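> Following is a predicted model, sequence given first.
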Amino acid sequence: MFRLRRFRFPPRLFAGRDRGRGAPKAQDALPLDMTRLPVSLLSIFAFVLLWAVAAAIAGAPNTLPTPWTVARLTLAELVSGELLFHLSATLARTVAAFVIAMAVGSAIGLWLGTDKRADAWGDPWLVGLLNLPALVTIVLCYIWIGLTEVAAIAAVAINKIPLVATQMREGARALDPALRDMGRVFGMSRVARLRHVVLPQLAPHLAASGRTGIALIWKIVLVVEFLGRSNGVGFMIHQYFQLFDVARVLVYAISFVAVMLAVEMMLLQPWERHATRWRRP
Amino acid sequence: MGTPRDPVAAAMRVEVARKAWGEAVILRDIALEIGPRESVALLGPSGIGKSTLLRIIAGLDEGFEGRVTGAGRIAMAFQEPTLLPWRSVRDNLTLTTECTTDEADTLLRAVGLPEAAPRFPNTLSLGQARRVSLARAFAMRPDTLLLDEPFASLDRDAAGRMQALLLDLLCEHPARLLLVTHDPMEAARLATRVLTLDGTPATMRHERLFDDPPATRSDAQIAHLAAEL
């Protein structure tokens, strides 16, 4: 299913020009925190064991199937190609909504965090949107835009944008004025200031909203698919829910959790380590 | 900045009729003209408005009555080194001033830090970071170099070495220098003219012109000049 090898070396993509100059330490090259790996694996094993024991005690394979039943079905779905098809449909929607939400949310947050007037006007909107239930956004997007891919992605992005904006606004408020002055005196272009002065200061906030973003977005994507799409993990869960097939619901749910964990560990964490490498002595 | 002009002939003119923070007037009736190769020290007690004047000249503070003309290309070294901690020392020069890597390395050699180029700024001591900040200012190839207490909180030896370095760099890369300081010794060592800011609101109170070039002064002469300030 998920080709681990392809994701082994992404930090080198981010490594940039500094690496060749010998500044960062060798440990930055590791995409995974190897010291914690054994504990993580043991922890996952303990969860599976707990699940197996619970399934054995329950003795109701239709309600709580055993881990090996789910594993066998996962393999079958994988071989048939169904699993990969629906996983990639959901992943594509998740990535699209994530990119849009991060870009738009960051821009809004940066604007509100650096412009007091805009903040005074924008804050009530932000609070309102933050409290808008995901279900309402989804239903309204489907009604207003139609049962389309655009509506699905827009609904998810709209749910996430206020969260990103709020987090980035905090980051923008804490930007160092001395560095801003320095950039202005030396006549750095707006793009250069954004890239080299502003964004590195926002990196911890970007990472935090990226992490909560991924966790939130894929869950909303499933609801969007559940309500109005004809493929994706949410759609399949909907199907198997109607058939009361708990085992296959778990197959799709766990597979996608695994994908998101892989994204977190192999893309997000290495990027975060790279972005904060200058903090390490 | 950046208007076409003859860098040798043009003098920088600074006129600040009034600069206030809310109700409090900080600066009043300041008129200043600095030639293209002059080194001017601005003396005065802490909090008098020296840094405010420097920020006005740097274009960082536009809320004042008056105007600044003829400054040309400006570079500044701040009280703190103000380096980008997430970029290497070399990148701090090239990304900020758009100088080439070779120029950056040459300047880092000139300030005695050739080996620091690939390192991150948080691996440097305060004195080293200040020297990088100075190198960055010169990397800009400025017409006007503004220094805001650039030797503060350095020990006497380190400050002395850095002042000698500044004079060397000015010989090689001539520029108009405006140095803000509260230390008469610094002014006596580096300046061709010393201005004193005093009063509330602050105005120019004294002006002292030195005949000899700063690089030729002996320690005894510097102490003598400083005593007169």
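All right, it came through fine. Numbering: from 1, shown residues only, chains lettered A, B, ... in the order given.
> could you point out which element follows the lengthiest helix in chain A?
For chain A, the helix with the greatest residue count under DSSP state H is helix A:82-114. Downstream of helix A:82-114, the first helix or strand assigned by DSSP states H and E is helix A:116-130.
> helix or strand for the nearest residue to B:Leu154 once chain neighbours are set aside, which one?
Nearest non-adjacent residue to B:Leu154, counting by CB to CB, 6 or more residues apart in numbering or on different chains: B:Gly127, 5.5 Å away. In short, each C-beta sits where N, CA and C put it, glycine included. Assigned by DSSP H and E, B:Gly127 belongs to helix B:126-139.
> and the next element down the chain from that helix?
Sequence-wise, the next helix or strand downstream of helix B:126-139 (DSSP H and E) is strand B:144-148.
> Nearest spatial neighbour of residue 110, chain-adjacent residues omitted?
Picking chain A for this. Nearest residue to A:Leu110, sequence neighbours excluded (CB to CB, 6+ apart): A:Ala172, at 4.8 Å.
> that's the wrong chain, I meant chain B
B:Ala110 sits nearest to B:Leu169 (CB to CB, 6+ apart), 6.4 Å away.
> Test my guess that the one you found contacts B:Leu134.
Yes: counting by CB atoms under 8 Å, B:Leu134 is a contact partner of B:Leu169 at 7.1 Å.
> Overlap in contacts, these two.
Residues touching both B:Leu169 and B:Leu134 by CB atoms under 8 Å, 6 or more residues apart in numbering or on different chains: B:Val111.
> picking up where we left off before, tell me how confident the model is about the helix holding B:Gly127, as a mean pLDDT.
The average pLDDT within helix B:126-139 is 92.
> Just name the shakiest helix or strand of chain B by mean pLDDT.
Within chain B, no helix or strand scores below strand B:203-209, which has a mean of 79 by mean pLDDT, DSSP states H and E.
> Report all helices and strands that that one contacts.
Secondary-structure packing of strand B:203-209 (3 or more CB pairs under 8 Å, 6 or more residues apart in numbering or on different chains; DSSP states H and E): strand B:24-34, strand B:193-198.
> which regions of the chain lie under the pLDDT threshold?
By default, I'm working from chain A. Applying pLDDT under 70 to chain A picks out residues A:1-33, A:281.
> not what I meant, chain B
Scanning chain B for pLDDT under 70 picks out B:1-9.
> Please list the residues of the stretch 51-200 of chain A that sit near chain B.
Neighbours of chain B within the stretch 51-200 of chain A, by CB under 8 Å from any CB of the partner chain: A:178-179, A:181-188, A:192, A:196-197, A:200.
> my guess is the residue nearest to A:Leu110 contacts A:Asp115, does it?
No: judged on CB under 8 Å, A:Ala172 makes no contact with A:Asp115 at a distance of 9.3 Å.
> Looking at these two, which is more packed in?
Between A:Ala172 and A:Asp115, counted using other CB atoms under 10 Å in any protein chain shown, the more crowded position is A:Ala172 (22 against 13).
> where's the more buried one, which helix or strand?
Assigned by DSSP H and E, A:Ala172 belongs to helix A:149-173.
> roughly how far is that helix from the heart of the chain?
Centroid separation for helix A:149-173 versus its chain: 12 Å, with CA atoms, centre = their mean, to the nearest Å.
> Next: stretch B:210-229.
Computed by CA atoms, centre = their mean, the chain-centroid distance of stretch B:210-229 equals 19 Å.
> contacting residues around it?
So stretch B:210-229 is contacted by B:39, B:43, B:167, B:171, B:184-185, B:187-194, B:196, B:208 (CB under 8 Å, 6+ apart).
> For the stretch 151-281 of chain A, which segments count as helices?
Remark: helices assigned in the stretch 151-281 of chain A by DSSP state H, counting those that start in this stretch are A:177-185, A:190-192, A:199-228, A:233-242, A:246-263, A:269-275.
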